[in-house]
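Asker: only geometry, no sequence info:
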């Protein structure tokens, strides 16, 4: 287990990834109160992550391609699927202009 990882701040919310042993989740928290928004909770493995880049939330998970997508950063609604060539090795790095895929 590790500490929650902040994936980015946008508007009045903070996107966080939380590995919890074998499981994990991502969720949006209020920047003012740090209260979680249960409607944005996405369960996954401890490899699930979220990054804010180019105005959207980029969700990736090393062990499952079902969580490789970009989403509305407020609601979490999936906007588009992003197939990664090697999900176990590919990551989305936050950028000021556009996401950068690295291995």
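Answerer: Cool, the structure landed. Computed from a predicted model, the values in this text were never measured in an experiment.
Asker: who touches the lengthiest strand in the chain?
Answerer: Of all the elements of type strand in the chain, the one with the most residues (DSSP state E) is strand 36-45. Outside strand 36-45, the residues that touch it by Cβ atoms under 8 Å, 6 or more residues apart in numbering are 13, 22-30, 48, 59, 61-64, 67, 75-76. Quick note: C-beta positions are derived from backbone N, CA and C, even for glycine.
Asker: what are the buried residues along that strand?
Answerer: For strand 36-45, a neighbour-count test (16 or more other Cβ atoms under 10 Å) marks 36, 40, 42, 44-45 as buried.
Asker: between these, which is nearest residue 8?
Answerer: Of all those, residue 40 has the smallest distance to residue 8: 13.4 Å, by Cβ to Cβ.
Asker: is it true that residue 66 lies in a strand?
Answerer: No: assessed by DSSP: H, G, I helix; E, B strand; the rest coil, residue 66 does not belong to a strand; its assignment is helix.
Asker: list the contacts of it.
Answerer: Applying Cβ under 8 Å, 6+ apart, no residues contact residue 66.
Asker: how close does it sit to residue 7?
Answerer: As judged by Cβ to Cβ, to the nearest Å, residue 66 and residue 7 stand 18 Å apart.
Asker: and if you look at residue 20?
Answerer: 16 Å.
Asker: ok, now which ones touch the most centrally placed residue in the chain?
Answerer: In the chain, the C-alpha nearest the mean C-alpha coordinate belongs to residue 50, at 1.6 Å (Cα atoms, centre = their mean). Contacts for residue 50 (Cβ under 8 Å, 6+ apart) come out as 7-8, 15-17, 26, 57-60.
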